[in-house]
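>>> What follows is a predicted protein model with its sequence.
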Amino acid sequence: MSLAESSRRPSGLADDAFWSDVDRHLVRYGGGFTPEVIVRAEGSWVETEGGRRLLDFTSGQMSSILGHAHPDIVATVSRQVATLDHLFSGMLSRPVVDLARRLADSLPEPLEKVLLLTTGAESNEAAIRMAKLVTGRHEIVSFAGSWHGMTAAAAGATYSSGRKGYGPTAPGNFAIPTPNAYRPDFTTPDGAFDWRKQLDHAFALVDAQSVGSLAACIVEPVLSSGGIIEPPLGYLAALQQKCRERGMLLILDEAQTGMCRTGTWYAFERDGVVPDILTLSKTLGAGLPLAAVVTSAEIEAEAAERGFLFFTTHVSDPLVAAVGNTVLDVLERDRMDDRASALGDRLRTGLLELQDRHRVIGDVRGRGLLQGVELVLDRETKEGSDELGAGVTRRCLELGLHMNVVQLRGMGGTFRIAPPLTSSEAEIDLGVEILDRAIGEVSRELLG
């Protein structure tokens, strides 16, 4: 089957030559392509070559927190690319140092040392590399529903998908159960999720497999590709204690949750923990390739003494650093943490109303403007359906709403809903309204 056929391309939206070039020349890198040609984007909307406007409830790739073509970002890029865009990696510029200082100022002590990179995978790669060097160990622990990137060490710590067929990862990668309260594997006598027992069991298994070289645990404060799973309050603190007992570093990956997305500047603030190493990406560049590793002066000094090496082509690039400074300007000026919290409450209220109307919505979860809706065939058994999730996704697109559904083995389809922080109340309401219609039509068609 061709790419165009697998994408179920509607007729008339692009000429046959375009889709023929797609079939002939593009490498397929994960699922089908959206069957529309996008020609421009602005705010919460993208526009197709056929003239359709699609409400973007994914913020691009969960990154464009200020929407598309934000005027402040456009102005910064236009100015910076004409003056200072890229340098030899050993050279420094003011945007780089300014962004490092401002990120440190936004974080609790002792996080104050910053490495500026490009992607989430790259920042996680650097963080894991640093943790291994500083501890002198090599074993890495992460969640079974994790996604940390597609490069070597990051992919080794990724378990939600993409593991089959590539041969062995580096030795010493261990998965622990995802703390999913909707699908609990350990329960209290009254049926509630017993996450403490699950965590104790998880590290008993880690200890049994470890060769005594545990270096770090890397986790997302809210798992995204894992199905918008939010660990219960208290979990991250208990996880950090498990790390402390074993001499491990705790790395928090806030690729999607950082920069006000969840209603606070950083998702870990809710839990009263401070990681040893923090990674940022996606939201930091508001759609441009910018990432950061942030750690303490103590860890940085130890890494430097041991010869830490992460000399890449685009480390400390001034263009994207200038964009990062503008992102911080807008987040601070427009109080986007408060805005994300208020809009998130509005979104959640709307989604809970949908749950009351549609029996196929098993769970609504998440925080701020990172929400999840899990679709199931039966609320009692929680049986999932790939067909249902895919059908609702297609119908949303037909109705003018771009959505992203995660479908993992043993789970129903879970929509990752992440509108831009600049969305209006009317746009939030419209997205919920379209989702309501799509779920209703598809579930009636499939289930009667």
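Great, that's in hand.

>>> Val406 pairs with what?
Thr414 (DSSP bridges).

>>> Same check on Ile229?
Leu223.

>>> Was I right to think it contacts Pro179?
Yes: the pair Ile229 and Pro179 qualifies as a contact (C-beta atoms under 8 Å) at a distance of 7.1 Å. From N, CA and C alone the C-beta is placed, and that goes for glycine too.

>>> what about Glu380, how many neighbours?
7 (other C-beta atoms under 10 Å).

>>> Phi first, then psi, for it.
Glu380 adopts backbone torsions of phi -80, psi -50, taken as degrees, to the nearest 10.

>>> now swap in Gln256 and tell me
phi -110, psi -20.

>>> What count of nearby residues applies to it?
Gln256: 30 neighbours (other C-beta under 10 Å).

>>> wait, it sits on Asn404?
No: applying C-beta under 8 Å as the test, Gln256 and Asn404 come out as separate, 11.6 Å apart.

>>> Run a quick neighbour tally on the nearest residue to Gly227 once chain neighbours are set aside.
Of all residues not flanking Gly227 in the chain, Thr414 sits nearest, at 4.1 Å (C-beta to C-beta, 6 or more residues apart in numbering). When neighbours are counted by other C-beta under 10 Å, Thr414 registers 29.

>>> The one 3 residues further on now?
By other C-beta under 10 Å, the residues close to Ile417 number 26.

>>> same thing with Gly400?
Gly400: 14 surrounding residues under other C-beta under 10 Å.

>>> same deal with the one 5 residues further on?
Counted by other C-beta under 10 Å, the residues lying close to Val405 total 22.

>>> Numbering from 13 from now on, please.
Got it, first residue is 13 now, which makes that one Val417.

>>> Tell me the spacing between it and Gly403.
From Val417 across to Gly403, the span is 10 Å (C-beta to C-beta, to the nearest Å).

>>> Kindly report the same for Leu245.
Taking C-beta to C-beta, one finds Leu245 at 35 Å from Gly403.

>>> same deal with Arg318?
53 Å.

>>> Okay, buried residues for stretch 71-88 please.
For stretch 71-88, a neighbour-count test (16 or more other C-beta atoms under 10 Å) marks 71-72, 74-80, 82, 84-85, 88 as buried.

>>> go on, stretch 328-347?
328-340, 342-343.

>>> for stretch 98-106, same thing?
Within stretch 98-106, the residues that count as buried by 16+ other C-beta under 10 Å are 99, 105.

>>> Can you give the distance of it from its chain's centre?
Average the C-alpha atoms of stretch 98-106, do the same for its chain, and the two points are 28 Å apart (C-alpha atoms, centre = their mean, to the nearest Å).

>>> Contacts for that stretch next, please.
96, 323-331, 333 (C-beta atoms under 8 Å, 6 or more residues apart in numbering).

>>> With secondary structure, pLDDT and distance to Val376 as extra columns, can I get those in JSON lines?
Listed next are the contacts of stretch 98-106 as JSON lines, based on DSSP: H, G, I helix; E, B strand; the rest coil; pLDDT from 0 to 100; distance: C-beta to C-beta, whole Å:
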{"residue": "Leu96", "secondary structure": "coil", "pLDDT": "98", "distance to Val376": "46"}
{"residue": "Phe323", "secondary structure": "coil", "pLDDT": "96", "distance to Val376": "45"}
{"residue": "Thr324", "secondary structure": "coil", "pLDDT": "97", "distance to Val376": "40"}
{"residue": "Thr325", "secondary structure": "coil", "pLDDT": "97", "distance to Val376": "42"}
{"residue": "His326", "secondary structure": "coil", "pLDDT": "97", "distance to Val376": "39"}
{"residue": "Val327", "secondary structure": "coil", "pLDDT": "98", "distance to Val376": "40"}
{"residue": "Ser328", "secondary structure": "coil", "pLDDT": "98", "distance to Val376": "41"}
{"residue": "Asp329", "secondary structure": "coil", "pLDDT": "98", "distance to Val376": "39"}
{"residue": "Pro330", "secondary structure": "helix", "pLDDT": "98", "distance to Val376": "42"}
{"residue": "Leu331", "secondary structure": "helix", "pLDDT": "98", "distance to Val376": "39"}
{"residue": "Ala333", "secondary structure": "helix", "pLDDT": "98", "distance to Val376": "37"}
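
>>> want to throw those residues into CSV with distance to Ala279?
Below are these laid out as CSV (distance: C-beta to C-beta, whole Å):
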residue, distance to Ala279
Leu96, 33
Phe323, 30
Thr324, 27
Thr325, 30
His326, 26
Val327, 26
Ser328, 26
Asp329, 26
Pro330, 29
Leu331, 27
Ala333, 23
